[in-house]
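S.K.: Fold the following and give me the result.
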Amino acid sequence: MNSNIETIDCTRIRNGSRITEKEVVATESKLALYVNDEFETQFLYSSGFDEHLVYGYLLSSGKISNISDIDTIQITNQDCRVNLTKEHRLDSDYVNHQKVVSFVKLLEIRDLLLESQQNHRATRGFHGAILYELATNRRFTCEDIGRHNAVDKVIGCGLQEGYDLSNSVLLLSGRLLSNIVSKGIHSKIPVIASMTVATSGGIREAKKNNRTLVGSLSNDGCWLYHEGVVKVQTSIQ
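M.R.: This next block holds a predicted model:
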């Protein structure tokens, strides 16, 4: 049984008439995060992969720089309590060994994300994200009612599963706002892409940190907002 969607009776207006129909909608859950006994944030999210969500949030917001920075983590009902080993500062420097990613590969990654979006197809109420490790072809996809949560969950999976984040692609279904792009930057991901567009703030963040930022990815092409340390290879350069 899928706990992230539910069916409700709803009034549907069509052609001026009202009828009662079944509507499939996304289920909203809550999780409060406490870091070193202080309230940090509350997630409004789709249940599942809760640890990935927390680990990803801590990394993508600059609270930690690697998995060993977490001393303990405990999730009980709607609360998550994390103790960190020490204070941390953001370090966005990274070593990247993958200098080129092909446009065809980006489309392959997009297709993997699209194939996984079953809840979105049922409700039209979910965002999707995928983390793809270029050297190994390992990947993790997820859906969530919040685009930030979907991004944090795939980043958290990468952190927990030992992905080389500096040699990975982050691709999502939602817009590339500055606070989304900064999640990839904090996580040392060099290529951040979306099937939709970027904002001016997102583009500034990518340029400032020399990340490759791709928007409106489709079979017909894309917007290459900034070509950073990883170049996008096309048939005609």
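S.K.: Just the helices from the chain, written as ranges.
M.R.: With DSSP state H as the criterion, the chain has helices at 50-60, 103-116, 118-123, 147-160, 178-186, 200-208.
S.K.: closest one to K86 among these?
M.R.: With CB to CB, the closest approach to K86 among the helices of the chain belongs to helix 50-60: 13.2 Å. Placement of C-beta: from N, CA and C, glycine included.
S.K.: Run through the protein and note the low-pLDDT ranges.
M.R.: The chain contains residues with pLDDT under 70 at 1, 87-98, 236-237.
S.K.: re earlier: which one of the helices of the chain is the most hemmed in?
M.R.: Neighbour counts (mean count of other CB atoms under 10 Å) averaged over each of the helices of the chain peak at helix 147-160, with a mean of 26.
S.K.: Which strands or helices does it pack on?
M.R.: Here helix 147-160 touches helix 50-60, strand 127-133, strand 139-144, strand 168-172, helix 178-186, going by 3 or more CB pairs under 8 Å, 6 or more residues apart in numbering; DSSP states H and E.
S.K.: how about the CA coordinates for that helix, as CSV?
M.R.: This file holds the C-alpha atoms of helix 147-160, laid out as CSV (Å, rounded to 0.1, in the frame of the first residue of the first chain):
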residue,chain,number,x,y,z
ARG,A,147,11.3,20.0,-4.3
HIS,A,148,13.7,20.7,-1.5
ASN,A,149,12.9,17.5,0.2
ALA,A,150,13.3,15.4,-3.0
VAL,A,151,16.8,17.0,-3.5
ASP,A,152,17.8,16.4,0.2
LYS,A,153,16.7,12.8,0.0
VAL,A,154,18.8,11.9,-3.0
ILE,A,155,21.8,13.8,-1.6
GLY,A,156,21.3,12.1,1.7
CYS,A,157,21.3,8.7,0.0
GLY,A,158,24.5,9.6,-1.8
LEU,A,159,26.1,10.6,1.5
GLN,A,160,25.0,7.5,3.3
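S.K.: now it and helix 50-60, what's the angle there?
M.R.: With axes from the mean of the first three to the mean of the last three CA atoms, to 10 degrees as the basis, helix 147-160 and helix 50-60 are set at 90 degrees to each other.
S.K.: Number the chain from 53, please
M.R.: That works, and once the first residue is 53, the last one we named lands at helix 199-212.
S.K.: And helix 199-212, how far out from the chain middle?
M.R.: How far helix 199-212 lies from its chain's middle: 5 Å, per CA atoms, centre = their mean, to the nearest Å.
S.K.: Stretch 172-184 now?
M.R.: Mean-position distance between stretch 172-184 and its chain equals 10 Å (CA atoms, centre = their mean).
S.K.: Contact partners for the spatially most central residue of the chain?
M.R.: Taking CA atoms, centre = their mean as the criterion, V203 is the residue nearest the geometric centre of the chain, at 1.4 Å. Neighbouring residues of V203 by CB atoms under 8 Å, 6 or more residues apart in numbering: G108, S112, A181, L222, L224, I232, K235, G236.
S.K.: and the protein, what are its domains?
M.R.: 81-136, 152-285 (automatic domain parsing).
S.K.: what's the closest of these to T59?
M.R.: Taking CB to CB, domain 152-285 is the member of the domains of the chain nearest to T59, at 9.8 Å.
S.K.: so R263 touches G280, yeah?
M.R.: Yes - using CB atoms under 8 Å, R263 is in contact with G280, at 4.6 Å.
S.K.: Comparing the two, which residue is more hemmed in?
M.R.: R263 (25 against 18; other CB atoms under 10 Å).
S.K.: For the more buried one, give me its contacts.
M.R.: Residues near R263 by CB under 8 Å, 6+ apart: V233, G236, I237, I241, P242, V243, I244, E257, H278, G280, V281.
S.K.: Could you rerun that using 10 Å?
M.R.: 144, 222, 233-234, 236-237, 240-244, 257, 277-282 (CB atoms under 10 Å, 6 or more residues apart in numbering).
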